[in-house]
Structures are given as structure tokens and as C-alpha cells.
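Chemist: coords please:
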Amino acid sequence: LQPPASEERRKLGEMQRAGVWIFAGNVFAKVTGPALGEGAVSSTCCRSLAELERLRAGAFAGNAGIREELRAHCDAIQGRVEAPGRLRAMKRAWEDVGPEGKIYFDAAAGIGGQICVDGMWGVH
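Modeler: Numbering: from 1, shown residues only. Alright, predicted model coming up:
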């Protein structure tokens with residue numbers, strides 16, 4: 001998943017994003033973040049948040065800057081497919097979706113933006 005970069009977004013200083021969707025039966029997961037080379041997080045190869053903080057703390061406004069970038073530009077969602085075109089988030093980074101989850105995408109109701117499978121982009 002890599003939405004097309006728009007010149008307008010670049011001028012505003014927004015990072016190019018990349019990610020992956022995984023579907024298995026009625027379960028899905030989506031992970032997104034800055035594209036390779038964008039920002040401190042995707043510019044560093046390491047095995048844990050603790051190692052990232054150790055490697056990049058001096059170069060990126062300390063650990064608070066790294067955590068700020070993660071919250072602002074990275075997302076992870078795990079959920080279930082309730083029906084074709086309807087996805088419910090059961091867990092989401094940075095957000096409590098409650099025990100019943102929260103509708104993440106519903107094509108019929110117009111919730112959650114657009115997903116274009118053949119063109120391989122998504123807008124949420």
C-alpha cells in the first residue's frame with residue numbers, strides 16, 4: 001500500500017506513507033507509516049523501540065521526538081471483516097476502540113474514505 005504522492009502534500013511537509021494490508025479469513029490487519037527514508041523511524045533499521053531510541057535520540061530531539069513521530073505518522077489496526085465492504089477495528093495503536101470495536105470502513109455507509117484494490121491505494 002503506497003498512496004500516490006501529491007505535490008501539494010509535499011509542499012505542506014507531509015511524509016510519503018507506505019504500509020501493508022493482510023487478510024486471512026474474516027480477520028484483517030493494516031500497518032502504515034512513513035515510506036522508507038522519510039523521518040527518523042523509517043530511516044533506521046533496528047529490532048525494537050528501545051534500540052531505535054538509543055540509536056536516534058541524539059539526532060532527533062531525544063526520545064520524545066521519536067515517540068511523537070510514531071504517534072503522528074504510524075498506525076496499526078487489527079480487526080474483522082463483517083461483510084464485503086465492512087471492516088471493524090478491534091484493536092488500534094494509539095486509540096481505545098472499546099470491547100465491541102469500532103467501524104473502520106463501511107463502503108455502503110460512506111465511512112472510512114476509499115479503498116481501491118486494483119490501483120493499490122487507499123485513502124482513510
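Chemist: what kind of secondary structure is Arg67 in?
Modeler: What DSSP: H, G, I helix; E, B strand; the rest coil gives for Arg67 is helix.
Chemist: okay, now it: neighbour count?
Modeler: Number of residues near Arg67 (other Cβ atoms under 10 Å) recorded here: 14. C-betas here are computed from N, CA, C, even on glycine.
Chemist: helices of the protein, residue ranges please.
Modeler: Remark: helices assigned in the chain by DSSP state H are 7-11, 49-56, 62-73.
Chemist: lowest-confidence stretch among those helices?
Modeler: Here the helices of the chain differ in mean pLDDT, and the lowest is helix 7-11 at a mean of 53.
Chemist: so which of the helices of the chain gets nearest Ser42?
Modeler: Ser42 sits nearest to helix 62-73 of all those, at 8.7 Å, using Cβ to Cβ.
Chemist: next, the angle from the closest one to helix 49-56.
Modeler: Counting by axes from the mean of the first three to the mean of the last three Cα atoms, to 10 degrees, helix 62-73 lies at 120 degrees to helix 49-56.
Chemist: helices or strands up against helix 62-73?
Modeler: With contacts defined as 3 or more Cβ pairs under 8 Å, 6 or more residues apart in numbering; DSSP states H and E, helix 62-73 has these neighbours: strand 27-34, helix 49-56.
Chemist: and if we set it to 6 Å?
Modeler: helix 49-56 (3 or more Cβ pairs under 6 Å, 6 or more residues apart in numbering; DSSP states H and E).
Chemist: and for Glu68, the neighbour number?
Modeler: Neighbouring residues of Glu68 were enumerated by other Cβ under 10 Å; the total is 14.
Chemist: quick check: mean pLDDT across stretch 82-89?
Modeler: 95.
Chemist: how far off centre is it?
Modeler: Mean-position distance between stretch 82-89 and its chain equals 18 Å (Cα atoms, centre = their mean, to the nearest Å).
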